[in-house]
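Undergrad: give me a 3D structure for the following:
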Amino acid sequence: MARSRGGKTDHKEPCAIVLGLLFIFVRLAVVRRSPCCLFACLFWSWEIFELKAELNSDKKEKKKEAVKKVIASMTVGKDVSALFPDVVNCMQTDNLELKKLVYLYLMNYAKSQPDMAIMAVNTFVKDCEDPNPLIRALAVRTMGCIRVDKITEYLCEPLRKCLKDEDPYVRKTAAVCVAKLHDINAQLVEDQGFLDTLKDLISDSNPMVVANAVAALSEIAESHPSSNLLDLNPQSINKLLTALNECTEWGQIFILDCLANYAPKDDREAQRLSHANSAVVLSAVKVLMKFMEMLSKDLDYYGTLLKKLAPPLVTLLSAEPELQYVALRNINLIVQKRPEILKHEMKVFFVKYNDPIYVKLEKLDIMIRLASQANIAQVLAELKEYATEVDVDFVRKAVRAIGRCAIKVEQSAERCVSTLLDLIQTKVNYVVQEAIVVIKDIFRKYPNKYESVIATLCENLDSLDEPEARAAMIWIVGEYAERIDNADELLESFLEGFHDESTQVQLQLLTAIVKLFLKKPTETQELVQQVLSLATQLLCSDFMDFSSTPKDSDNPDLRDRGYIYWRLLSTDPVAAKEVVLAEKPLISEETDLIEPTLLDELICYIGTLASVYHKPPSAFVEGGRGVVHKSLPPRTASSESAESPETAPAGAPPGEQPDVIPTQGDLLGDLLNLDLGPPVSGPPLATTSVQMGAVDLLGGGLDSLIGGSNFTAPPAAAVPANLGAPMGSGLSDLFDLTSSVGTLSGSYVAPKAVWLPAMKAKGLEISGTFTRQVGSISMDLQLTNKALQVMTDFAIQFNRNSFGLAPAAPLQVHAPLSPNQTVEISLPLSTVGSVMKMEPLNNLQVAVKNNIDVFYFSTLYPLHILFVEDGKMDRQMFLATWKDIPNENEAQFQIRDCPLNAEAVSSRLQSSNIFTVAKRNVEGQDMLYQSLKLTNGIWVLAELRIQPGNPSFTLSLKCRAPEVSQHVCQAYETILKN
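TA: Take a look at the predicted model:
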């Protein structure tokens with residue numbers, strides 16, 4: 001073993017063997033595991049020993065093979081960090097392959113061995129000046145990937161040289177390295193001037209250097225949204241468009257994403273629509289979708305863009321299923337925004353027999369969105385064919401799609417109903433049940449038009465076993481009870497197993513029997529008493545028999561609805577009839593359109609995960625960096641006026657939007673998914689439109705129906721008594737805001753507080769407060785000179801903060817500040833400064849300079865100075881946004897010691913830009929639904945509960961950025977208590 005070449009003895013080898021064996025035995029003594037584990041440990045230790053010997057070999061080939069073995073072991077998860085010094089010694093080589101392997105090892109282990117990684121710095125610096133550009137680029141790339149602070153400071157000089165290297169490959173690699181270095185130490189990058197150098201690279205002659213510079217600047221801009229790094233102008237845009245044709249496909253994506261933030265001056269980016277890479281196509285589509293927002297539909301150029309957009313989107317559907325799905329999810333957004341783009345391409349969305357189910361369902365959804373009178377015959381023929389497939393889930397969706405077609409295209413409704421009847425005749429259980437569900441919706445859309453099919457539906461009553469289908473059939477029977485001779489017998493058959501039914505069926509059965517009673521009171525009195533008893537008796541039995549086990553149907557919604565009906569019928573049957581049998585609003589097909597502002601944001605993220613999830617990045621991206629909320633540019637006046645009702649996009653103004661199921665104006669009813677109609681003016685109750693659906697029909701609160709706040713719940717075991725309460729108010733006062741709109745008197749201003757005492761600032765005392773007036777934010781300062789010398793040359797600067805507050809003008813002290821003199825200054829503020837999340841969120845760090853020194857202090861600004869004047873949200877938008885924000889984002893607070901009534905609260909809050917969207921009274925409580933908008937575009941929705949005579953309020957806040965909720969609550973308290 002100790003014999004070397006030529007038969008001579010190598011005295012170093014025995015020493016190495018002894019050391020290696022000692023290393024092995026020490027590990028074995030410490031580990032003390034089973035024989036198998038000891039053997040494995042012994043084998044691996046011997047392998048490390050062999051690798052160490054090979055790494056120190058004089059033969060270059062043997063050394064390279066040893067490094068390859070080390071990398072192979074590292075790749076499969078083995079710990080080879082013990083070989084760090086030996087691998088680093090291999091860096092001194094001219095062999096490019098060996099150098100790459102060593103650099104790969106360093107990137108993996110430098111973080112765990114930072115002290116030893118310093119050993120490699122000299123080699124890195126030397127390699128950055130190597131004649132071979134591949135080695136120079138490799139060195140700067142590796143240094144950028146080693147996330148060790150000690151190495152970062154040595155990277156600056158080599159990086160500066162590489163950014164100006166004569167070889168474009170080195171320059172493009174160095175551009176990406178700037179972004180990596182910025183992620184490690186942003187301040188260092190700014191101090192070294194690398195950002196300016198990076199901006200200069202946008203004018204580089206090599207397209208790949210341009211693409212990498214744009215990619216790096218975009219990456220940095222994401223973490224600093226207000227830095228405006230990509231300040232594009234016509235000259236730089238032309239350079240980007242030139243580079244667009246010559247760089248790689250991923251470079252094109254970066255440039256197209258950059259172009260999307262610029263107002264269009266040229267149409268050369270449209271050439272990317274014919275690219276073979278789907279990501280490039282989607283990036284180009286995103287650019288054009290944003291640019292089209294600023295074009296009038298009257299322009300010929302607009303029509304040209306529409307024609308250019310359709311073919312590439314169609315071509316995407318010829319890719320493999322996974323890419324098809326991504327393309328379809330993006331097309332779904334595009335069709336919601338601009339359906340005219342693909343209105344002639346219906347056939348490409350027809351399902352193929354070998355499509356995966358996820359592709360089939362997406363195609364089906366897009367087919368419905370594109371359905372129109374011109375193509376409905378084709379669509380129905382396809383859907384009928386799909387309804388005979390073997391895939392149950394797909395068949396159900398196809399049957400539902402037929403119903404959606406009937407609701408969307410009125411001229412096709414009769415043909416759709418006929419198709420559904422044909423499907424019912426197949427007697428396939430799940431097809432029949434889905435058909436009944438959609439026919440119920442067709443009845444709601446076209447009342448008194450297709451009731452001739454009810455007999456056919458009743459024939460299949462016994463085959464219904466799914467809750468939704470049973471509830472739909474019960475609704476049909478109750479709604480058209482006067483036309484069904486044996487309606488009472490049909491409903492009674494459901495009543496026999498009342499306790500075994502699902503809550504959905506129980507609620508629908510209760511309402512249907514009450515409708516039947518109101519239509520045929522003499523024949524069904526016993527039946528209605530029976531269902532009311534079943535709905536309310538469970539509570540009674542629980543009070544009487546404490547040992548009884550509660551049944552599954554003991555549902556508070558069912559019980560409350562039973563009591564409401566009971567009280568209505570026992571108080572005033574005429575009023576009950578006007579409520580329960582009121583005319584229902586018609587429904588619309590577009591129930592699943594994405595909320596307009598969210599759709600606009602998702603259009604800006606076409607080609608990313610957000611467009612696949614149909615959620616904004618903030619909903620699924622976690623991390624320290626703030627997610628920038630993007631939005632489409634404002635529409636031109638001519639393009640808005642050119643919208644037609646048939647092609648109005650989802651982002652159109654609320655007045656142009658189709659009604660959505662359910663058509664609601666009742667705010668609380670929608671928030672709680674109740675089924676109330678819109679508020680109307682005129683005589684109460686007589687003209688109120690109460691929508692009858694499969695959910696809570698009278699769930700808007702008992703006092704809304706009875707009109708009084710003096711309702712007392714009956715004893716649990718007692719039969720509801722006659723209240724004799726007036727039936728006056730109805731639902732007409734739910735949005736009565738006339739008394740809650742106060743006079744705009746300006747936002748609340750806190751008294752000045754001392755921010756910087758004179759003893760900490762060499763005699764300069766600074767007091768101040770923040771104000772907001774007519775959309776402008778100011779810092780009102782009071783400077784007092786308590787020193788013995790004159791103060792001059794004042795200046796002020798803010799540190800980066802959560803909302804980008806920054807001085808909008810210099811600190812103007814027009815005359816020297818003499819001893820014992822005080823001056824008051826109003827410093828205008830903007831919200832376009834650098835953003836960084838502070839703790840707490842409203843913390844502001846300020847530096848003030850004068851001729852004596854620089855002084856630092858921090859203060860907390862009240863959040864209400866950031867509430868903008870256009871923060872009143874439309875009612876329907878409020879409802880949609882409240883639903884869209886996850887429930888986990890809701891926070892509840894108590895505001896105590898505030899003796900104000902609802903009108904005073906609403907008026908005082910409105911003066912600080914907290915706007916009341918709706919107001920109602922529920923069980924004696926005043927409910928205010930409010931919205932506010934921060935300067936960075938974040939919306940906050942609020943529900944404020946006020947109990948007259950009680951100085952404590954309950955405030956519920958919902959926001960996509962829940963970290964602001966606590967500070968919004970503090971703003972509420974500050975405004976209401978001062």
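
Undergrad: contact partners of stretch 341-352?
TA: 306, 309-310, 313-314, 317, 331, 334-335, 359-360, 363-364, 366-367, 370-372, 375, 378-379, 382, 386, 647 (CB atoms under 8 Å, 6 or more residues apart in numbering). Backbone N, C-alpha and C define where each C-beta goes, glycine included.

Undergrad: cool, and stretch 131-144?
TA: 96, 99-100, 103, 106-107, 124, 127-130, 151, 154-155, 158-159, 162, 165, 167, 169-170, 173-174, 176-177, 180-181.

Undergrad: got the CA coordinates for it in CSV?
TA: The C-alpha trace of stretch 131-144 is given here as CSV (Å, rounded to 0.1, in the frame of the first residue of the first chain):
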residue,chain,number,x,y,z
PRO,A,131,-8.2,36.0,-21.4
ASN,A,132,-11.0,33.4,-21.9
PRO,A,133,-14.4,35.1,-21.8
LEU,A,134,-16.1,31.8,-20.7
ILE,A,135,-13.9,31.7,-17.6
ARG,A,136,-14.5,35.4,-16.9
ALA,A,137,-18.3,34.9,-17.1
LEU,A,138,-18.1,31.7,-15.1
ALA,A,139,-16.2,33.5,-12.3
VAL,A,140,-18.6,36.4,-12.0
ARG,A,141,-21.7,34.1,-12.2
THR,A,142,-20.4,31.9,-9.4
MET,A,143,-19.5,34.8,-7.2
GLY,A,144,-23.0,36.1,-7.6
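
Undergrad: may I see the buried residues of it?
TA: P133, I135, R136, A137, L138, A139, V140, R141, T142, M143, G144 (16 or more other CB atoms under 10 Å).

Undergrad: state the mean pLDDT of stretch 568-575.
TA: Mean per-residue pLDDT for stretch 568-575: 85.

Undergrad: ends of it, what's the gap?
TA: End-to-end distance of stretch 568-575 (CA to CA, to the nearest Å): 7 Å.

Undergrad: off-centre distance for stretch 903-921?
TA: 27 Å (CA atoms, centre = their mean, to the nearest Å).

Undergrad: what's the end-to-end length of that stretch?
TA: 12 Å.

Undergrad: quick one on the thing from earlier: select only the buried ones of the contacts of stretch 341-352 in PyMOL?
TA: Buried residues among the contacts of stretch 341-352 (16+ other CB under 10 Å), as a PyMOL selection:
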select buried, resi 306+309+310+313+314+317+331+334+335+359+360+363+364+366+367+370+371+372+375+379+382+386
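
Undergrad: now, the contacts of stretch 341-352 that are in helices?
TA: Among the contacts of stretch 341-352, the ones falling in helices (DSSP state H) are 306, 309-310, 313-314, 331, 334-335, 359-360, 363-364, 366-367, 370, 378-379, 382, 386.

Undergrad: okay, the buried residues of stretch 131-144 in JSON lines with secondary structure and distance to E578 next?
TA: Output for the buried residues of stretch 131-144, formatted as JSON lines (DSSP: H, G, I helix; E, B strand; the rest coil; distance: CB to CB, whole Å):
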{"residue": "P133", "secondary structure": "helix", "distance to E578": "86"}
{"residue": "I135", "secondary structure": "helix", "distance to E578": "87"}
{"residue": "R136", "secondary structure": "helix", "distance to E578": "85"}
{"residue": "A137", "secondary structure": "helix", "distance to E578": "81"}
{"residue": "L138", "secondary structure": "helix", "distance to E578": "82"}
{"residue": "A139", "secondary structure": "helix", "distance to E578": "84"}
{"residue": "V140", "secondary structure": "helix", "distance to E578": "80"}
{"residue": "R141", "secondary structure": "helix", "distance to E578": "77"}
{"residue": "T142", "secondary structure": "helix", "distance to E578": "80"}
{"residue": "M143", "secondary structure": "helix", "distance to E578": "79"}
{"residue": "G144", "secondary structure": "helix", "distance to E578": "74"}
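
Undergrad: who are the contact partners of Y154?
TA: Counting by CB under 8 Å, 6+ apart, Y154 makes contact with V121, F124, V125, M143.

Undergrad: for L461, that is, sorry about that
TA: L461 sits next to M473, L490, S493 when contact means CB under 8 Å, 6+ apart.

Undergrad: and the pLDDT for it?
TA: 80.

Undergrad: what is the neighbour count of E362?
TA: Other residues within reach of E362, judged by other CB atoms under 10 Å, total 22.

Undergrad: check the gap between it and V351 for me.
TA: As judged by CB to CB, to the nearest Å, E362 and V351 stand 10 Å apart.

Undergrad: ok, A787 next?
TA: 82 Å.

Undergrad: please say which of the two ends up with more neighbours.
TA: Comparing A787 with V351 by other CB under 10 Å, the one with more neighbours is V351, at 21 against 18.

Undergrad: having no further points to raise, I will conclude here.
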